[in-house]
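Asker: give me coordinates for this.
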Amino acid sequence: MAAIGFIGLGNMGLPMARNLVKAGHAVQVFDLNADAMAEAEAAGARCVTSTAAAAADVEAVVTALPAARHVRAVYLGAEGVLATALNHTLFIDCSTIDVETARALATEAEAAGQLFVDSPMSGGVGGATAGTLTFMVGGEDRAFARAEPILRAMGKNIFHAGKAGAGAAAKICNNMMLAIQMIAVSEGFNLAAKLGLEAQKLYDISSTATARCWSLNDYCPAPGPAPAAPSNRDYKPGFAADLMLKDLRIAMEAAQAAGAVTPMGAQAAQIYGMMAAAGMGGDDFSGVIRFLEGFRG
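Answerer: Numbering: from 1, shown residues only. So this is what the prediction gives:
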């Protein structure tokens, strides 16, 4: 078992840290949220008073932070964890960040004598709680080999996507596709309602027909057909629309830089932007069905 630092106890990070403790690792945690720290301590983690303390005297550090600016603030500079940790510490960043930042962090880590993988995850709060997340990992082979057993304590599917930045690339591509699918499924159910077709009937048909996908079968945005979906708890996230919008904006910036044509991705970003502007950004991203139902252009 390993000594692990964990920085970022948000909706995903807290259950991930709990699962590391359950797996027998010695986990020391830091977050600005005192309530989250208390919950982690109750689960068996040791609370520390700073990011530097979380990264001190451990074999690996896991970070799960809201955005690239937070990741850079934690990792870089004279007081950043790359500079203050023991040499050859493994850093596993599970945040969703842009590819350029992930590659830059890998370069900085190498220069500091550390190992780094970008390892964003998919599976939502349910997956984080159950320990069934999918991790998409970018980094050198030796870094991935050290990271994999730690990730196994938090996830079910661990993929080595390629060199530094490949995990970040896989995540933003995945979430762009997911956002587009959720909007399409929502439009289908809204249309069905206008045509007098019951949501359960459409679900029974489409979930076994050519429209089947995770957004329909497992996370149906219409209340009723998928009991565990946020649609059956007033769209409490889950994965908030604001976070989906953040990921879509990262994807659109990447598409522009790479010269990729992503018109549906751009439209999805616009729709989730309008949803956020309407005050619905804190709802689960599947709540786009409610936004679209009430949108009149």
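Asker: now the helices for this structure?
Answerer: 13-22, 34-42, 51-54, 68-75, 81-84, 99-111, 124-130, 141-152, 166-194, 199-206, 214-217, 241-258, 263-275, 288-294 (DSSP state H).
Asker: show me which positions of the lowest-mean-pLDDT helix or strand in the chain end up buried.
Answerer: Using mean pLDDT, DSSP states H and E, the weakest-scoring helix or strand in the chain turns out to be helix 124-130, at a mean of 91. By 16 or more other CB atoms under 10 Å, the buried positions in helix 124-130 come out as 124-129. For the C-beta atoms, the positions are set from N, CA and C on the backbone; glycine is no exception.
Asker: pLDDT (mean, whole number) over stretch 259-279?
Answerer: Taken as a whole, stretch 259-279 has an average pLDDT of 98.
Asker: contacts for that stretch, please.
Answerer: Residues outside stretch 259-279 that contact it (CB atoms under 8 Å, 6 or more residues apart in numbering): 176, 179-180, 183, 241-242, 244-245, 248-249, 251-252, 254-255, 281, 283, 285, 287-288, 291-292, 295.
Asker: longest single strand anywhere in the chain?
Answerer: The single longest strand within the chain, with elements called by DSSP state E, is strand 155-162.
Asker: neighbouring strands for it, and are they parallel or not?
Answerer: Next to strand 155-162 in the sheet, as set by DSSP bridges, lie strand 133-138 (parallel).
Asker: low-confidence ranges in this structure?
Answerer: The chain contains residues with pLDDT under 70 at 295-297.
Asker: go ahead and flag the most central residue of it.
Answerer: For the chain, the residue sitting closest to the mean C-alpha position, by CA atoms, centre = their mean, is residue 121 at 4.8 Å.
Asker: these two touch, right, it and residue 135?
Answerer: Yes - under the criterion of CB atoms under 8 Å, residue 121 makes contact with residue 135 at 5.2 Å.
Asker: surely residue 4 touches residue 61?
Answerer: Yes - the pair residue 4 / residue 61 is scored as a contact, 7.1 Å apart, by CB under 8 Å.
Asker: how does this structure divide into domains?
Answerer: Domain assignment for the chain by automatic domain parsing gives 3-164, 169-294.
Asker: any idea how far the longest one is from the middle of the chain?
Answerer: Relative to the mean C-alpha coordinate of its chain, domain 3-164 is positioned 12 Å out (CA atoms, centre = their mean, to the nearest Å).
Asker: mutual contacts of residue 121 and residue 135, please.
Answerer: 94, 154-155.
Asker: what number of residues lie near residue 103?
Answerer: 19 (other CB atoms under 10 Å).
Asker: try the one 4 residues further on
Answerer: Residue 107: 12 surrounding residues under other CB under 10 Å.
Asker: try residue 273
Answerer: By other CB under 10 Å, the residues close to residue 273 number 15.
Asker: same deal with residue 259?
Answerer: By other CB under 10 Å, the residues close to residue 259 number 6.
Asker: and it, how close does it get to residue 202?
Answerer: 38 Å (CB to CB, to the nearest Å).
Asker: got it, and residue 137?
Answerer: Taking CB to CB, one finds residue 137 at 37 Å from residue 202.
Asker: for residue 171, same thing?
Answerer: Applying CB to CB, the value for residue 171 to residue 202 is 30 Å.
Asker: which one's more surrounded, those two?
Answerer: When residue 171 and residue 202 are compared for neighbours, residue 171 comes out ahead with 29 against 23, by other CB under 10 Å.
Asker: which residues are in contact with the nearest residue to the more buried one once chain neighbours are set aside?
Answerer: Leaving out its chain neighbours, the residue that sits closest to residue 171 by CB to CB, 6 or more residues apart in numbering is residue 120, at 3.7 Å. Counting by CB under 8 Å, 6+ apart, residue 120 touches 93-97, 135-136, 167-168, 170-171.
Asker: and what of residue 246?
Answerer: Counting by CB under 8 Å, 6+ apart, residue 246 has contacts 67, 96.
Asker: cool, and the one 4 residues further on?
Answerer: For residue 250, the set of contacting residues under the criterion of CB under 8 Å, 6+ apart consists of 68, 96-98, 172.
Asker: any idea how far the residue nearest to residue 72 when sequence neighbours are not counted is from residue 143?
Answerer: Using CB to CB, 6+ apart and skipping residues adjacent in sequence, the residue nearest residue 72 is residue 101, 6.6 Å away. Per CB to CB, residue 101 is found 17 Å from residue 143.
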